[in-house]
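Colleague: After the sequence you'll find the predicted model.
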Amino acid sequence: MTDYLLFPGCLISTRLPFLEASSRFVLDRLGVDYSSFPDSTCCVEPIGLRSLGKDTWLGMSARLLSIAEEQDSTVLSLCNGCFMSLIEAKHELADSATRKKINDIIEPTGHRYAGGAEVKHFLQLAHEREDDLLGRAVRKMDGLRLALHPGCHIMRPSEILRAERRYSSRALADVASWIGATVVDDPEWAQCCGGGLAGIADGISSAILNENVARFREGGANCILTPCPFCFVQFDVRQKEGIPVLYLAELLALALGATPEKIGLKYHRTKLPDPIATAARAP
């Protein structure tokens with residue numbers, strides 16, 4: 001048994017494995033007791049798929065939560081969407097009648113959820129480790145002028161998720177400042193990246209994305225920081241302004257001694273410019 005079961009989610013596992021590599025690097029350097037999530041499945045994507053079948057969503061989430069419960073471990077999510085899906089399922093399953101109904105559905109899998117599993121986002125864990133980050137960082141990331149983009153699904157609904165403030169993203173700003181980066185854009189109301197509309201209403205999706213990036217550039221940002229892999233894809237692949245994006249674990253891994261090669265920064269579509277890469281390498 002371990003303290004945490006690492007749950008990367010489908011997007012990271014299938015398209016962005018280098019984000020998992022940076023996350024594991026950080027967890028190892030911080031001495032976190034964790035293991036891979038056994039026999040995992042999709043959490044059921046929290047926007048479209050969940051709306052197509054509520055019991056399917058709750059059943060799949062309950063099975064995942066029951067596995068963590070059986071191992072007396074906390075689910076450690078690397079993805080905002082997975083975090084939201086599992087936390088909201090846990091909230092729904094707090095109702096005993098709902099939990100009984102869903103347990104009857106998942107009974108053939110050999111699992112039963114009793115309501116006790118905990119779920120934590122990677123950002124929350126990092127925010128609890130100020131002393132470790134300050135004590136173990138070997139690089140001061142003071143070449144970075146960061147625009148923060150926490151992502152919708154870690155902030156709202158805040159009364160259930162409780163990972164960030166509903167408005168300004170204080171946890172993300174704190175972690176960035178601890179390792180020496182400068183926060184140049186910390187929005188009072190964090191906007192959507194527009195990714196949820198990609199492929200459905202591309203014009204609106206692009207307009208939302210471009211509005212965000214224009215504000216970041218006006219603020220003097222040379223990099224975007226997000227704890228969400230879905231937002232990462234939107235900023236890395238679809239924006240045209242050329243402001244690079246770092247996933248939170250990548251930033252922390254660089255501060256803790258990883259080389260860009262070690263954590264796969266070469267796989268970014270929007271490359272980090274030389275001044276940032278140089279600052280990240282220098283001890």
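Modeller: Sure, I can see it.
Colleague: Next, the buried residues of the strand or helix carrying residue 204.
Modeller: Taking DSSP states H and E as the criterion, residue 204 maps to helix 202-218. Residues of helix 202-218 classed as buried by neighbour count (16 or more other Cβ atoms under 10 Å): 205-206, 208-209, 212-213, 216. To be clear about C-beta, it is placed using only N, CA and C from the backbone, and glycine gets the same treatment.
Colleague: do stretch 142-155 as well
Modeller: Buried, per 16+ other Cβ under 10 Å, within stretch 142-155: 143-155.
Colleague: Same check on stretch 47-57?
Modeller: 50, 57.
Colleague: Which residue ranges make up the domains of this protein?
Modeller: 4-122, 129-281 (automatic domain parsing).
Colleague: and those domains, which one's lowest on average pLDDT?
Modeller: Mean pLDDT is lowest for domain 129-281 among these, at a mean of 85.
Colleague: give me phi/psi at residue 138?
Modeller: Reported as degrees, to the nearest 10, the phi and psi values for residue 138 are phi -110, psi -10.
Colleague: Distance check, it against residue 258.
Modeller: 10 Å (Cβ to Cβ, to the nearest Å).
Colleague: what do you get for residue 200?
Modeller: With Cβ to Cβ as the criterion, residue 200 and residue 258 are 36 Å apart.
Colleague: out of these two, which sits in the more crowded spot?
Modeller: residue 258 (23 against 9; other Cβ atoms under 10 Å).
Colleague: For my notes, confirm that one occurs in a strand.
Modeller: No. Counting by DSSP: H, G, I helix; E, B strand; the rest coil, residue 258 is not found in a strand; it is coil.
Colleague: Excluding sequence neighbours, find me the nearest residue to it.
Modeller: residue 25 (5.2 Å; Cβ to Cβ, 6 or more residues apart in numbering).
Colleague: Which SSE is immediately downstream of the host helix or strand of the one you found?
Modeller: Assessed by DSSP H and E, residue 25 sits inside helix 17-29. Next in sequence after helix 17-29, counting helices and strands by DSSP H and E, comes strand 34-36.
Colleague: Which strands border that next one, and is each parallel or antiparallel?
Modeller: strand 4-7 (parallel) (DSSP bridges).
Colleague: buried set for the strand it pairs with?
Modeller: Quick answer for strand 4-7 (16+ other Cβ under 10 Å): 4-7.
Colleague: Can you tell me which of those lies closest to residue 128?
Modeller: Distance to residue 128 across the buried residues of strand 4-7 (Cβ to Cβ) is lowest for residue 4, with 12.0 Å.
Colleague: Pull up the gap between the closest one and residue 230, please.
Modeller: Residue 4 is 22 Å from residue 230, by Cβ to Cβ.
Colleague: Equivalent analysis for residue 92, please.
Modeller: Separation of residue 92 from residue 230 (Cβ to Cβ) stands at 22 Å.
Colleague: Which one's more surrounded, those two?
Modeller: Set residue 92 next to residue 230 and count neighbours by other Cβ under 10 Å: residue 230 wins out with 24 against 17.
Colleague: show me the contacts for that one.
Modeller: 11, 79-81, 151, 193, 195 (Cβ atoms under 8 Å, 6 or more residues apart in numbering).
Colleague: Check which helix or strand it maps to.
Modeller: helix 229-233.
Colleague: Now do the next helix or strand after that helix: everything it contacts.
Modeller: Downstream of helix 229-233, the next assigned helix or strand under DSSP H and E is strand 245-247. Strand 245-247 is contacted by residues 16, 19, 22, 223-227, 229, 232, 235-236, 268, 270, 272 when judged by Cβ under 8 Å, 6+ apart.
Colleague: Kindly recompute the last result at 6 Å.
Modeller: 19, 223-225, 232, 235-236 (Cβ atoms under 6 Å, 6 or more residues apart in numbering).
Colleague: which one of those residues sits closest to residue 74?
Modeller: For the contacts of strand 245-247, the nearest to residue 74 is residue 19 (19.9 Å; Cβ to Cβ).
Colleague: That'll do, ta.
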